Structure formats: C-alpha cells, structure tokens
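J.: Here's my sequence, what's the structure:
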Amino acid sequence: MEHLSIEDAFRKWGDDLTRYATAMVGPADASDVVSEAFTAVLAAGDHRWEQVREPRGYLFRSVANAARMWARSGSRRHRREMRWPVEGVVGELVTDPAVRRALDRLSVRQRAAVFVTYWLDASPTEAASMLGVSEGAVKRHLARGRATLREVLG
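T.: Now for the predicted structure:
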C-alpha cells in the first residue's frame, strides 16, 4: 500500500480529526488544535512521516497531544467555555444542552476516550492505538467518564 502524503491524509481524515478535537476542546478551538497538530507533524519532517505505520492513529494522537497542551492554558479554557453555544453544539454530534454540559465536566482524556469509542465506534483496542495509550487507560477513562455522565445526567 502506498503511503499517503501529509496533505492527502489531511484531506482524508481532516473532518474526523476536527470532530475529534471538537469533542475535546469545543467547537471554537477545534480547528486551531488540528492546525497545531498538523504543524507539529509537518515540522517533524517528511522523513518522520514516511516512517509512520498507522497514519490515522498517528494523526489522532497528534491531535490529542495538541488538545492536552491547549487545555493546560487556564485563560484559553475559560474563554473556550464562555464561547460554547448553549444549544445545538457540534451539529449532529450533540444537540442536547444537558448532554453538552455533562460532556464539559469530563477531562480531556475522558472526552477523547468517549468520542473515539462511541462516535467513531472504535473498540478499546482501536481507541488505545488511536490515542497512543494502553487499552487499560482507555477503559479507565471510559469508566470514569461514564460515571461522571451518569451522575450529571441521572
């Protein structure tokens, strides 16, 4: 199988990566997070990209890393939360404001695990590969995320 160029990978998975970033940092900053992730991949150089065996998973991990760095900034987080619309957030992903508020209570890693598992229909093994963590970590973040969602949503 021929290896995709970075540009082709963006065309192929850019929308999925943006939806993934949206689940982690919100719609206002998702495209910035994806841009930062792709900038980091480009900065690593073509030689690094050509060595990547699972480009899709690599890009999802890159977006997850960029989202974690983005979330560390307190002022950005506050601005992000203030800009999130009250209803109809993320198109068909989440239309119920109560669900959106419940998702906001999850950590970035919990949101990532929930998104990849439920919205992308990935198994814990696939999610672990995409997120660059162990399967146990995915299961732990899912369990904690579900517990928080049950608590908040009733």
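J.: Helix or strand: which one has residue 103?
T.: helix 97-104 (DSSP states H and E).
J.: Also residue 18?
T.: helix 6-25.
J.: got the contact list for the helix or strand just after that helix?
T.: The helix or strand immediately downstream of helix 6-25 is helix 30-44, counting by DSSP H and E. By Cβ atoms under 8 Å, 6 or more residues apart in numbering, the surrounding residues in contact with helix 30-44 are 6, 10, 14, 17-19, 21-22, 24-25, 48-49, 58-59, 62-63, 65-67, 69-70. (Each C-beta comes from the backbone N, C-alpha and C, glycine too.)
J.: now helix 30-44, how far from the centre of its chain.
T.: Distance of helix 30-44 from the chain centroid (Cα atoms, centre = their mean, to the nearest Å) equals 13 Å.
J.: For this protein, name the helix or strand with the lowest mean pLDDT.
T.: The helix or strand of the chain with the poorest confidence is helix 74-83; it has a mean of 49 (mean pLDDT, DSSP states H and E).
J.: Lovely, talk soon.
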